[in-house]
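S.K.: structure for this input, please:
(2 chains)
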Protein chains: 2
Amino acid sequence: MNIRFYNARILTMAGDSLEDAPVFSGEVWVSGSRILYVGDGNVAPDFYEKHGLTAICFDREIDCHGNLLMPGFKNAHTHSAMTFLRSHADDMPLSDWLNEQVFPYEAKLQPEDIRTLTKLAVLEYLTSGITSIMEMYLTPETIAEACNETGMRCVQVGGCNNFSQSPELLEKWYNELNGKSELTSFQLGFHAEYTCTPELMGRIAALAHKYKAPVFTHCEETKAETDGCIARYGKTPIAYLADLGMFDYGGACYHVVWSNEDDRRIMKEKHIDAVTNPASNLKLASGITPIAEYLRCGIPVAIGTDGPASNNCLDMFREMFLVTALGKVETQDAAAVPAYEVLKMATRNGAHIMRIPDADCLAEGKLADMIMIDLSQPNMQPIHNIAANVVYAGSKSNICMTMIAGHILYDTLDGRQAFHIGEDPKDIYRDCEAVTRRIF
Amino acid sequence: MNIRFYNARILTMAGDSLEDAPVFSGEVWVSGSRILYVGDGNVAPDFYEKHGLTAICFDREIDCHGNLLMPGFKNAHTHSAMTFLRSHADDMPLSDWLNEQVFPYEAKLQPEDIRTLTKLAVLEYLTSGITSIMEMYLTPETIAEACNETGMRCVQVGGCNNFSQSPELLEKWYNELNGKSELTSFQLGFHAEYTCTPELMGRIAALAHKYKAPVFTHCEETKAETDGCIARYGKTPIAYLADLGMFDYGGACYHVVWSNEDDRRIMKEKHIDAVTNPASNLKLASGITPIAEYLRCGIPVAIGTDGPASNNCLDMFREMFLVTALGKVETQDAAAVPAYEVLKMATRNGAHIMRIPDADCLAEGKLADMIMIDLSQPNMQPIHNIAANVVYAGSKSNICMTMIAGHILYDTLDGRQAFHIGEDPKDIYRDCEAVTRRIF
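M.R.: Reported below is the predicted structural model:
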């Protein structure tokens, strides 16, 4: 399908700064799952020839009415199916919450439940302009199916630990869940240092070496976890894992609230990127991540919502505001972590850390993972600086279209909210309520 | 006009805890500007007689489809017309921002500009379920007109300082802007200790004594301001102002990020309540307010967005999440500042601090300032705990109706966003753009 978006403002995110790639008025043409053209609409004389076309026939032409097109948000860390635990047990510290309110109920989940609960999260991602997720949960097969069925781009990572999954399963999924679908892929990963024996982590590191693959894990989320690792092994989690050879092919750590200077030196050297989850870290009282330090050290940072049980919602606008706002208050510097840096984290950096580099910006040949931001809402008026408006004033109510792989999966273009994922949201709600009733 | 809301879930906020006044299924009847009935729809035999009616004829009956009715949010501190500065100058500390990027441009504002810019903010308040605002800005007459014209409930406070307004004007407005409209009122106030001479503050305190009236002001927003007062007068701002007799009839302080134990003792004793503005305090790197301490001391806390120049949006959902999330991380206690306490701040406490006690909860005879929360959005599913869902997962996209004084001013009840404020939002946007273009 060929779709022409015209009369748009466009923020490509192709530049390192807003000055490198400022917002401009123009068009985006989408063909199949890719972007065919981004510009002012006056294509170069050799454009058609270059693309092996004589002309282009559009199946749909969308007047953007001056609204903003930009790359979709990358949610670089989540546990989607934990929707069933939303608002089930709040106001508890992480360890009690995990052991008393999460693990016992998760044990009752069936793979089919996880398919259903993941779809509920997909609906929410779409309303927040999220076009891809980095997912860690229990049953990768049904999660991949849920994402393929609804059209969500999903990079799964293993969540191996002493009680669930195994290096054998990781290897099986790594081989079976990659290359099968344009939308879904699988990367090596494990839950966390504190839930894995050294022997288990050694076997995961060996897999990373065998496949020359990056590894992803929760790391240094709480002070207790970090101190515990130091007590066990005489090293911080990052130093310990790096010494195991876990990150010899790079990877990323989720949370990394409690890193010290040595950790950041190792992260920079080993290409261990940081994924921050500010709402979850606040709500569980885990701490405030030193984002300004990661920026200073040149460590790429992406943003994740974490799962809906600890957040409790899947809203990249809230996370983006928190990243900049906490960065400012933590450093006592209102100039810290400026708006465009946050947008880079939420788009480009997320794409690179998730190993889907073609989703990083709007440009010819890139993936058509794109959102439209409604600038005719009062929170976007007047327009001084669109990038700042998105980060500081934006909300889910500004998302008027979410496109993944060239498919419009969500929109309010005719004034009414509409999901296009092949299922009625009400059916998904009903199924999720049934799962929830069975489990509690 | 009589309106019947049926098939609703209802959170009255009439209780000190959710157990005192749990969510129930039922109806709310509105007559004129007041609530006539809240219950299961089976009125008592003497109901009609008690209200001098033989029966009731509804002008409109609204099926709530199981969505939630609750009191509207009270935005207890804002500077609405600063919409013209939204995203104009971000990433700057408070003093530079105020002196270089705010005051010079504010000097160019005309009273009519402020009317227009205030209306833009009203549109945004309505999308966020805000049914009353406590406003401090430059031209109270045109602000009152903007609110009366659009239907927004507004309690203004004086913003007197060495450069603008005066005790004479405060007294004039106190007499002229009270009692004229059901929607708008005026309270004594001044900008802040650091922008007023002792002589000026003494005259404002004398007015408070003359009218036995509460006083409202910015106080202890930054460490520099607090330290400056100690250097000038040997006392914290709260101690200094209390010693001037400023709060002999109570009042409230905005921000109060840097209070110490003595300050909180004085606040409790003098009925000086706290209004917290977390997004603004983070963005300007002012600090994190010790909300858990205010709760422990029994000091009522309400929530404000602050102005859109320092926030940069007017969204009570963002503020509510920040109040609980920052309360948890600041105390390293995930149980601190639980969801229902935050809802009380955003509704009941706001109403009491703003001196509009009839807007505090849903009950017979109370003001019909009410909102409907759309529970059929994915971020509200499944439903374990509605109060927690609103605080932890809610967003502006969940507001499907905002009613003030019995008038539905905003709704998405037929699936499309509609404002009912007597003006087209596009005209307001156009006028605000014109003001902005003239000033910059």
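
S.K.: so what's A:Ala55 up against?
M.R.: Shown in contact with A:Ala55 (CB atoms under 8 Å, 6 or more residues apart in numbering or on different chains): A:Tyr48. Bear in mind the C-beta positions are built from the backbone N, C-alpha and C, glycine included.

S.K.: against chain B, how distant is it?
M.R.: 36 Å (CB to the nearest CB, to the nearest Å).

S.K.: and for A:Gly202?
M.R.: Applying CB to the nearest CB to A:Gly202 and chain B gives a distance of 33 Å.

S.K.: so how many other residues sit close to that residue?
M.R.: If you count neighbours by other CB atoms under 10 Å in any protein chain shown, A:Gly202 ends up with 14.

S.K.: surely it is in contact with A:Asp243?
M.R.: No - taking contacts as CB atoms under 8 Å, A:Gly202 lies outside contact range of A:Asp243: 11.0 Å.

S.K.: give me the pLDDT for the nearest residue in space to A:Pro357 that is not next to it in sequence.
M.R.: Sequence neighbours aside, A:Ala351 is the residue nearest to A:Pro357 in space, at 5.8 Å (criterion: CB to CB, 6 or more residues apart in numbering or on different chains). With respect to pLDDT, A:Ala351 scores 98.

S.K.: tell me which element A:Ala351 falls in.
M.R.: helix A:350-353 (DSSP states H and E).

S.K.: sorry, back to before: and the residue nearest to A:Pro357, what is it in contact with?
M.R.: A:71, A:74, A:132, A:357-360.

S.K.: which single one of the residues you listed is nearest to B:Gly251?
M.R.: A:Lys74 (46.9 Å; CB to CB).

S.K.: the helix or strand hosting the closest one packs against which elements?
M.R.: In this assignment (DSSP H and E), A:Lys74 forms part of strand A:73-78. Counting contacts by 3 or more CB pairs under 8 Å, 6 or more residues apart in numbering or on different chains; DSSP states H and E, strand A:73-78 is packed against strand A:130-135, strand A:251-255, strand A:301-303, helix A:350-353.

S.K.: need the next SSE after it, C-terminal direction.
M.R.: Using DSSP H and E, the first helix or strand after strand A:73-78 is helix A:94-96.

S.K.: what's the closest non-adjacent residue to A:Met1?
M.R.: Per CB to CB, 6+ apart, closest to A:Met1 is A:Asp59, 4.8 Å.

S.K.: near chain B, which residues of the stretch 101-250 of chain A?
M.R.: A:120-121, A:123-124, A:127 (CB under 8 Å from any CB of the partner chain).

S.K.: okay, these in TSV with neighbour count, secondary structure and distance to B:Ser397 next?
M.R.: Shown next, in TSV, are these (neighbours: other CB atoms under 10 Å in any protein chain shown; DSSP: H, G, I helix; E, B strand; the rest coil; distance: CB to CB, whole Å):
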residue	neighbour count	secondary structure	distance to B:Ser397
A:Leu120	28	helix	16
A:Ala121	33	helix	16
A:Leu123	25	helix	12
A:Glu124	24	helix	10
A:Thr127	23	helix	7
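
S.K.: quick one: buried residues of the helix-or-strand element of chain A with minimal mean pLDDT?
M.R.: When each helix and strand of chain A is scored by mean pLDDT, DSSP states H and E, helix A:94-96 comes last, with a mean of 80. Neighbour-count burial for helix A:94-96, with 16 or more other CB atoms under 10 Å in any protein chain shown as criterion, is recorded at A:Leu94.

S.K.: wait, does that helix contact chain B?
M.R.: Yes - interface with chain B: helix A:94-96 contributes A:Leu94 (CB under 8 Å from any CB).

S.K.: now do the helix or strand just after that helix: distance to the chain's middle.
M.R.: Beyond helix A:94-96 on the C-terminal side, the first helix or strand identified by DSSP H and E is helix A:103-106. Between the centre of helix A:103-106 and the centre of its chain there are 24 Å (CA atoms, centre = their mean, to the nearest Å).

S.K.: before we move on, what about stretch A:225-244?
M.R.: 27 Å.

S.K.: start and end of that stretch, how far apart?
M.R.: Its first and final residues considered, stretch A:225-244 spans 18 Å by CA to CA, to the nearest Å.

S.K.: what about it, average pLDDT?
M.R.: pLDDT averaged over stretch A:225-244 gives 98.

S.K.: ok, and for that stretch, which residues are buried?
M.R.: Those would be A:225-226, A:229, A:233, A:235-242, A:244, for stretch A:225-244 by 16+ other CB under 10 Å.

S.K.: among the residues you listed, which are in helices?
M.R.: A:225-226, A:229, A:233, A:237-242 (DSSP state H).

S.K.: report the two of those separated the most.
M.R.: Farthest apart among these - using CB to CB - are A:Glu225 and A:Ala242, which lie 16.4 Å from each other.

S.K.: check contacts around the residue in the stretch 151-300 of chain A that chain B sits nearest to.
M.R.: For the stretch 151-300 of chain A and chain B, the shortest gap (CB to the nearest CB) falls at A:Leu282, measuring 3.6 Å. By CB under 8 Å, 6+ apart, the contact set of A:Leu282 is A:288, A:322, A:326, B:325-326, B:328-329.

S.K.: between the residues you listed, which is nearest B:Val301?
M.R.: Using CB to CB, the contacts of A:Leu282 come closest to B:Val301 at B:Leu326, 12.4 Å.

S.K.: picking that back up, okay if I get the helices and strands packed on strand A:73-78 as a markdown table plus distance to B:Thr197?
M.R.: Shown next, in a markdown table, are the helices and strands packed on strand A:73-78 (distance: least, CB to CB, whole Å):
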| stretch | distance to B:Thr197 |
| --- | --- |
| strand A:130-135 | 53 |
| strand A:251-255 | 50 |
| strand A:301-303 | 47 |
| helix A:350-353 | 52 |
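
S.K.: for A:Pro378, which of these is the nearest?
M.R.: Per CB to CB, nearest to A:Pro378 of these: strand A:130-135, 23.5 Å.
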